[in-house]
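K.L.:
Take a look and give me a structure for this.
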Amino acid sequence: MKKYLMKISGVHYAANNDSVAGQTETEEMHVRTRQMLAWLRDERPIVVLAAEPTNHWNPNAVTARARGRRIGRVADECLDVANGLLASSGRGMLTARVVDVAVKEHGYAMVEVYAEEASPVQSSKATDIEWDMWMSDGQPLLPPDEQLEAELEASFVLDTMLLPNMAEADFDELKEYVEIWMRGSGHDLSREARQARSMYIEMLESAQCKEVRQLAEPLKEQRTSMCGRNALDERCGLWWQQQLASADMKRLWHQWTVRHDGRLWNGLQQIDILLRQLPGELYNDIGQLDVMLARLYYMNTPRQALRSVITMLMLRELSCRELHVAMRPMTEDEYRQHSLVENPMDIPTTIGRVLSYGESLNSKAKKQTIEELCKWLNEDFQQNAVKEANELDSDEARKYWQRLQKDGFVDAAHQLMPSTTRQQAMYIAEVFAERLGLKAKWKPFQELWGINNLAQEKNKFMETGKSPSRSQRIDKIFED
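P.N.:
From the prediction side, this is the model:
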């Protein structure tokens, strides 16, 4: 038998199981936490560890219970070992004994597990997640801020100069760069930051000098609290608002709205087409930013993919603000209803009636009756619109759609990816129409993609003589 030492964190949440996410912590909550920790310290009860695959935040979580009640969960840094031991246990549970307790507001307990050698277990269903589509160069991406740049600088110095030569390194310089890295990585939920933190802890704890070993302690505290309530509140509050208000985000927002001709509902739909492809049904949590960010952390998301997802979430929040709608999942009916107002020329059988109806209303009444008008438009459109044959759904067309999707120009619904430019859309439409022998070159694609004036994009191309980026790749897609 072998002894394994594990940290039990999250005692605060177990002691206050009636608390609500985002709720301000009170002294009463702190009292209950200290009482539970003091009970663990004094009683030293048997602790049972069990896998918790239904945990919405982290499907690799391991819960800790004692005498019929939950007392916390195994800390993130111990999960690999805990899951390996559970896989070898035969019954899916382990027993442990409390050996040490830190009685404080956000305290923890240390437990010892005696078990056979742990089975090698991949900690995450996260390791099987494909992030490639979120790491392509064409994705909208918020540039690194000063905080991230400081983290990357410190990481480079620690990795290449200070930690490999700890015995000769200047202690004050080493301490300063560890602190810089900690400040910079405070909101970095990426796989790379998690791996670096664990590596730094391991290297510092192996040092011969006691002062150097102590540098690992704040890193360990940070590792335990990355998705704690205080960290999530700060991340979803001040940090998130600062990012939204940054000059770089304003620039991206302007580019996004121009790209969609100011039609915000159309832009919002394109964002959601992409976000719906996030793993683990993350889109369903889009109204709970703290939950989304915590789940991205536990999914071991690569840094570039994480930054891309966060950028799209910020573009979505800005869109929702402009549209005066809540940051929540949307239905297809909502997009359809609002797109009728944004794209009136797409419903020629109704446009005359819309104008007549609008002339009879004053400006205040227009705002008050917009929902009724949208419903009426939708019903009228469904009754009067001519159902044209879908020329873009033939066997030959589907072959090209599959190739375009594989190369990241469109998604599974044949909608343009956010990284596809208007010039590229024009080029695709023209070559596609030629291949299919379509008489109307632009109209089918404009209606499908919800964009206008592809012919004007063609004129720009003719004036400049400059082909869109990746045009050669597009040509290759349509080669038989």
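
K.L.:
use CA for all of it now, contacts and neighbours both
P.N.:
OK.

K.L.:
Give me the three-state assignment for S419.
P.N.:
coil (DSSP: H, G, I helix; E, B strand; the rest coil).

K.L.:
wait, doesn't it sit right on M135?
P.N.:
No - counting by C-alpha atoms under 8 Å, S419 stays clear of M135, with 11.2 Å between them.

K.L.:
hey, where'd the strands end up in this structure?
P.N.:
Ranges of strands within the chain are 2-9, 46-51, 62-66, 69-74, 93-102, 108-115, based on DSSP state E.

K.L.:
I'd like those strands written out as CSV, with distance to P140 and mean neighbour count added.
P.N.:
Converted to CSV, the strands of the chain look like this (distance: least, C-alpha to C-alpha, whole Å; neighbours: other C-alpha atoms under 10 Å):
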stretch, distance to P140, mean neighbour count
strand 2-9, 37, 18
strand 46-51, 38, 21
strand 62-66, 36, 22
strand 69-74, 37, 21
strand 93-102, 45, 18
strand 108-115, 41, 20
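
K.L.:
Could you export those strands as JSON lines, including mean pLDDT?
P.N.:
As requested, those are exported to JSON lines (pLDDT from 0 to 100):
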{"stretch": "strand 2-9", "mean pLDDT": "92"}
{"stretch": "strand 46-51", "mean pLDDT": "92"}
{"stretch": "strand 62-66", "mean pLDDT": "93"}
{"stretch": "strand 69-74", "mean pLDDT": "93"}
{"stretch": "strand 93-102", "mean pLDDT": "93"}
{"stretch": "strand 108-115", "mean pLDDT": "92"}
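
K.L.:
Export these to CSV and append columns for distance to W253.
P.N.:
As requested, these are exported to CSV (distance: least, C-alpha to C-alpha, whole Å):
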stretch, distance to W253
strand 2-9, 40
strand 46-51, 42
strand 62-66, 41
strand 69-74, 40
strand 93-102, 47
strand 108-115, 43
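
K.L.:
Isn't Q269 up against D333?
P.N.:
No - applying C-alpha under 8 Å, one finds Q269 not in contact with D333, separated by 11.2 Å.

K.L.:
Tell me which of the strands of the chain lies nearest to E205.
P.N.:
Closest of these to E205 is strand 2-9, at 15.5 Å (criterion: C-alpha to C-alpha).

K.L.:
neighbours of the closest residue to V31 other than its chain neighbours, just the number please.
P.N.:
Counting by C-alpha to C-alpha, 6 or more residues apart in numbering, V31 lies nearest to E105, which is 7.7 Å off, once chain neighbours are set aside. Number of residues near E105 (other C-alpha atoms under 10 Å) recorded here: 17.

K.L.:
Is E105 in contact with T33, as I believe?
P.N.:
Yes - between E105 and T33 a contact is recorded at 6.3 Å, counting by C-alpha under 8 Å.

K.L.:
Next, show the common contact partners of those two.
P.N.:
H12 (C-alpha atoms under 8 Å, 6 or more residues apart in numbering).

K.L.:
Can you get me a residue count around R303?
P.N.:
When counting by other C-alpha under 10 Å, one arrives at 16 neighbours for R303.

K.L.:
so what's it scoring on pLDDT?
P.N.:
The model reports R303 with a pLDDT of 94.

K.L.:
Now for it: which residues touch it?
P.N.:
By C-alpha under 8 Å, 6+ apart, R303 lies in contact with 189-192.

K.L.:
Now do F478 against E396, distance only.
P.N.:
Remark: distance between F478 and E396 (C-alpha to C-alpha, to the nearest Å) = 10 Å.

K.L.:
ok, back up a step: out of the strands of the chain, which comes closest to V81?
P.N.:
Each of those has some distance to V81 by C-alpha to C-alpha; the shortest is strand 2-9, at 8.4 Å.

K.L.:
And the closest one, what does it pack against?
P.N.:
Counting contacts by 3 or more C-alpha pairs under 8 Å, 6 or more residues apart in numbering; DSSP states H and E, strand 2-9 is packed against strand 69-74, strand 108-115.

K.L.:
Please consider this matter closed, and thank you.
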